[in-house]
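**Student:** Below is the sequence, then the predicted model.
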Amino acid sequence: MAPVIDVHVHVYPEQFVRDQELISKKEPHFDLLTHNRVHQWGTADQLIQRMDETGVDQSWIFGFAFRDPGLCAICNDYVIDAVRRYPGRLKGFASVSPLTRGFAAEAERCADAGLIGVGELFPQGQNFDLGDRRQTWRLAAVLEERKLLLNVHTAEPVGHDYDGKGNVGPKEAAAFCLNHPGVKVIFAHFGGGLWLYETMPEMRLALKNARYDTAAWPFLYDARVLAAAKAAGALDKMLYGTDWPILDRERFASRLQSCGLDEREKEAFMGGAAARLLDERER
């Protein structure tokens, strides 16, 4: 039986809770996302407790993608320590600010410490254009050189607005893949619907290294979305992710029960596909 792997989890050092207001004054996106009714704080230790309670075998953890590289480094130190304290249970991603001096060296430091990727990046919040090769080539270079995965925030270009939705959707995500076909990238929140365009032969080829996580699913789509992804030939690229601590496995239960997948397909979605992606990365 495949392990249950949650590929989209945020953890925060306790000092961020203590210094929330101070950080918010210099980081507008942090201010936006931490001062709303859905935000929750969670530490690595609290995550492990919740994983044990809900039957999650492994989580892929991020800090917060700040503009300020010093704050990113604090996140990364915390994630590195958590991964070392819970080997096998946690895999870590580095927070970097792609237009700041020294970000590549920070990504290298985190790779040397055993982290497997970079993310979840916030293009709008960090003030960079995901679809502009001039702004992303240095990021892509370090990702490919160190075989790091990338997780980047995306959102659906239609529907209601909400805090943190941002302006990065399928068009910008597709442009990144066209510009950097060698990067293995996970587009958060169903890629804003990018998976639908895998029905276009040219885009299926362009998106060969793209994956899509299901973070915040209960806030965005009904249970039929995975059946739709299956019909589009993209189910094998869907990765189970919750956006913990905002949501967890229990909040996904009703959708999984009525999503229209058989047990083998559910098992692949809940962890098998993520395990394969890890294997591909390590080759």
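**Tutor:** It's in.
**Student:** Let me see the contact set for the closest residue to Arg84 other than its chain neighbours.
**Tutor:** Take Arg84 and drop its neighbours on the chain: the residue closest to it by C-beta to C-beta, 6 or more residues apart in numbering is Gly114, 7.6 Å away. (Glycine included, C-beta is placed from N, CA and C.) With contact set as C-beta atoms under 8 Å, 6 or more residues apart in numbering, Gly114 has these partners: Ile80, Val83, Arg84, Gly92.
**Student:** Show me which residues of stretch 203-221 are buried.
**Tutor:** Within stretch 203-221, the residues scored as buried using 16 or more other C-beta atoms under 10 Å are 203, 206-207, 209-218, 220-221.
**Student:** nearest to Val183, of the residues you listed?
**Tutor:** Minimum distance to Val183 across the buried residues of stretch 203-221 is 6.3 Å, recorded for Asn209 (C-beta to C-beta).
**Student:** Look up how far Val185 lies from the closest one.
**Tutor:** Distance from Asn209 to Val185, counting by C-beta to C-beta, to the nearest Å: 6 Å.
**Student:** can you list residues touching both of these two?
**Tutor:** Common contacts of Asn209 and Val185 (C-beta under 8 Å, 6+ apart): Cys177.
**Student:** which residues in this structure form helices?
**Tutor:** Here the chain has its helices, by DSSP state H, at 14-18, 20-26, 28-34, 44-54, 69-85, 103-112, 133-145, 170-179, 201-206, 217-220, 225-231, 249-257, 263-267, 273-282.
**Student:** Please tabulate these in JSON lines and include mean pLDDT as additional columns.
**Tutor:** Formatted as JSON lines, the helices of the chain follow (pLDDT from 0 to 100):
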{"stretch": "helix 14-18", "mean pLDDT": "95"}
{"stretch": "helix 20-26", "mean pLDDT": "97"}
{"stretch": "helix 28-34", "mean pLDDT": "96"}
{"stretch": "helix 44-54", "mean pLDDT": "98"}
{"stretch": "helix 69-85", "mean pLDDT": "99"}
{"stretch": "helix 103-112", "mean pLDDT": "99"}
{"stretch": "helix 133-145", "mean pLDDT": "98"}
{"stretch": "helix 170-179", "mean pLDDT": "99"}
{"stretch": "helix 201-206", "mean pLDDT": "98"}
{"stretch": "helix 217-220", "mean pLDDT": "96"}
{"stretch": "helix 225-231", "mean pLDDT": "98"}
{"stretch": "helix 249-257", "mean pLDDT": "93"}
{"stretch": "helix 263-267", "mean pLDDT": "96"}
{"stretch": "helix 273-282", "mean pLDDT": "94"}
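**Student:** As CSV, the ones you listed with distance to Tyr162 would be great.
**Tutor:** Output for the helices of the chain, formatted as CSV (distance: least, C-beta to C-beta, whole Å):
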stretch, distance to Tyr162
helix 14-18, 22
helix 20-26, 18
helix 28-34, 10
helix 44-54, 24
helix 69-85, 23
helix 103-112, 28
helix 133-145, 25
helix 170-179, 18
helix 201-206, 27
helix 217-220, 8
helix 225-231, 18
helix 249-257, 17
helix 263-267, 28
helix 273-282, 26
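**Student:** Of all these, which one comes closest to Phe122?
**Tutor:** helix 28-34 (5.8 Å).
**Student:** Put the alpha carbons of the closest one into PDB.
**Tutor:** The C-alpha trace of helix 28-34 is given here as PDB (Å, rounded to 0.1, in the frame of the first residue of the first chain):
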ATOM      1  CA  PRO A  28       2.600  43.200   2.900                       C
ATOM      2  CA  HIS A  29       1.900  39.700   1.600                       C
ATOM      3  CA  PHE A  30       2.500  38.200   5.000                       C
ATOM      4  CA  ASP A  31       0.300  40.900   6.500                       C
ATOM      5  CA  LEU A  32      -2.500  40.000   4.000                       C
ATOM      6  CA  LEU A  33      -2.300  36.200   4.600                       C
ATOM      7  CA  THR A  34      -1.900  36.200   8.400                       C
END
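**Student:** From Gly119, how far out is the nearest residue to Ala104 once chain neighbours are set aside?
**Tutor:** For Ala104, ignoring the flanking residues on the chain, the nearest one in space by C-beta to C-beta, 6+ apart is Val142 at 4.6 Å. Taking C-beta to C-beta as the measure, Val142 falls 13 Å from Gly119.
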